[in-house]
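# Give the three-dimensional model of this entry:
(4 chains)
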Protein chains: 2
Amino acid sequence: MNIEPTDTFLLDEFLPYQLCVAANQVSRSFAERFRRDFGISIAEWRVLAHLSRAVAVSVREIHACVDMDKSKISRAAARLEQAGYVTKRENPGDRRLVELELTATGRALVAELLPVALQFQRDLLRRLGAKGPAVREAMRSMIREAPGAG
Amino acid sequence: MNIEPTDTFLLDEFLPYQLCVAANQVSRSFAERFRRDFGISIAEWRVLAHLSRAVAVSVREIHACVDMDKSKISRAAARLEQAGYVTKRENPGDRRLVELELTATGRALVAELLPVALQFQRDLLRRLGAKGPAVREAMRSMIREAPGAG
DNA sequence: ACGCACTCGTTGCAGCCGCAACAAGGTTGC
DNA sequence: GCAACCTTGTTGCGGCTGCAACGAGTGCGT
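This next block holds a predicted model:
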């Protein structure tokens, strides 16, 4: 109802900017950690994280779940295959599909990754304090519907 | 104290991922809007937003305030100059510095941009509801100190 | 069986980004 | 005054990304 005095605009107080900077910083330190300790990128981490839940998954399913471009997933999967962490096999029932599956090495890597990722999240939540759950809920509500779609 | 049952890892519940997706979606719709209506990118918008507060500003000062790489600012400024929104003049006192300044057209553009940006933020805050202030505070606390620095 | 529309994964391409090197300018110590 | 060092902004470069086009494969209607 009130009209804010916006004669001076402060970018630091602009929520989309704050959100972008926060996400970039978190993403950067997370990526640096995973790159240094495990030699994988965020895209590869996401693919591995999704594969940890299922036996054989197609690129399409990951694309439907993980908010990454098809091509990004495809290239990440190619790198993971070359590194020996996943295998790619064509689905005999539908030969368009590619079944991605973790190798034994891949499962061992995931077993190392998950605790590190969870610890990272815990550190993040600790710094958020009591606001943690509200932030998570807020992220979800922002993700659901696109802001500019209306 | 409690050990969480982490036998299944859900990427959707992973806060760094949620943060990244939310920021990307917000950023994307914001960028699309500004690109379509005004023909400028987010980098250019940030430079304009900073220039709206000062008369003549160097690349260095923007770099110190706005969390963008020097080169990104430089290129954004070059595009803005070519579009006629800012002027670049070398500082007579220190000829390394470049004084960026809004033209009349640039000021008019900013006067159009700011209400749109503020309305965008209002829409975002409305969808966050009561959690809005907590989210803003949370973003700030994430920005201050790097998460992986400890 | 065949044509047509659709789906899936890969690849080419253009654009953006961060990093580092660089040139030009300034500052300090002697 | 000058040499070594720092600062500022630009540019080249390698890598990544999103988009669109593409080839291969599938399902459907007839």
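# Let me see the contact set for A:Met68.
Applying CB atoms under 8 Å, 6 or more residues apart in numbering or on different chains to A:Met68 gives the contacts A:Ala43, A:Arg46, A:Ile62, A:Ala76. Quick note: C-beta positions are derived from backbone N, CA and C, even for glycine.
# Was I right to think the first one contacts A:Lys72?
Yes. Counting by CB atoms under 8 Å, A:Lys72 is a contact partner of A:Ala43 at 5.4 Å.
# Show me what from chain A comes close to DNA strand D.
Applying CB under 7 Å from any atom of the strand, one finds that chain A approaches DNA strand D through A:Ser41, A:Ile42, A:Ala43, A:Met68, A:Asp69, A:Lys70, A:Ser71, A:Lys72, A:Arg75, A:Asp94, A:Arg95, A:Arg96.
# element containing the third one, please.
Under the criterion of DSSP states H and E, A:Ala43 resides in helix A:42-51.
# in chain A, which spans are strands?
Under the criterion DSSP state E, chain A carries strands at the ranges A:86-90, A:98-102.
# Now the last one - C-alpha only, PDB.
Extracted in PDB, the C-alpha atoms of strand A:98-102 (Å, rounded to 0.1, in the frame of the first residue of the first chain):
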ATOM      1  CA  VAL A  98      20.500 -44.600 -23.400                       C
ATOM      2  CA  GLU A  99      20.700 -46.400 -20.100                       C
ATOM      3  CA  LEU A 100      23.200 -44.700 -17.800                       C
ATOM      4  CA  GLU A 101      24.400 -46.800 -15.000                       C
ATOM      5  CA  LEU A 102      27.000 -46.400 -12.300                       C
END
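# what comes into contact with it?
Strand A:98-102 is contacted from outside by A:47-48, A:51-52, A:55-59, A:62, A:77, A:85-91, A:110, using CB under 8 Å, 6+ apart.
# List buried residues within those.
A:Val47, A:Leu48, A:Leu51, A:Ser52, A:Val57, A:Ser58, A:Val59, A:Ile62, A:Ala77, A:Tyr85, A:Val86, A:Val110 (16 or more other CB atoms under 10 Å in any protein chain shown).
# In contact with A:Met142, which residues are there?
Contacts of A:Met142 were listed using CB under 8 Å, 6+ apart, and they are B:Ala22, B:Gln25, B:Val26, B:Leu124, B:Arg127, B:Leu128.
# oh sorry, the question was meant for A:Leu109
With CB under 8 Å, 6+ apart as the criterion, the residues that contact A:Leu109 are A:Phe38, A:Ile40, A:Leu48, A:Tyr85.
# The last one is in contact with A:Thr103, isn't it?
Read it as A:Tyr85. Yes. Using CB under 8 Å, A:Tyr85 is in contact with A:Thr103, at 6.1 Å.
# what comes up buried for stretch A:126-145?
A:127-128, A:131-132, A:134-139, A:141-143.
# no, scratch that, I was asking about stretch A:21-28
Under the neighbour-count criterion of 16+ other CB under 10 Å, stretch A:21-28 has A:Val21, A:Ala22, A:Ala23, A:Asn24, A:Gln25, A:Val26, A:Ser27 buried.
# confidence score at the residue positioned nearest the centre of chain A?
Most central in chain A under CA atoms, centre = their mean is A:Arg46, positioned 5.0 Å from the mean C-alpha point. pLDDT, A:Arg46: 98.
# From the contacts of A:Leu109, pick the one nearest chain B.
Ranked by distance to chain B (CB to the nearest CB), the contacts of A:Leu109 are led by A:Leu48 at 9.8 Å.
# re earlier: can you name the two of the residues of chain A next to DNA strand D that are farthest apart?
Across these, the longest distance by CB to CB is 30.4 Å; it joins A:Ile42 and A:Arg95.
# Alright, calling it a day.
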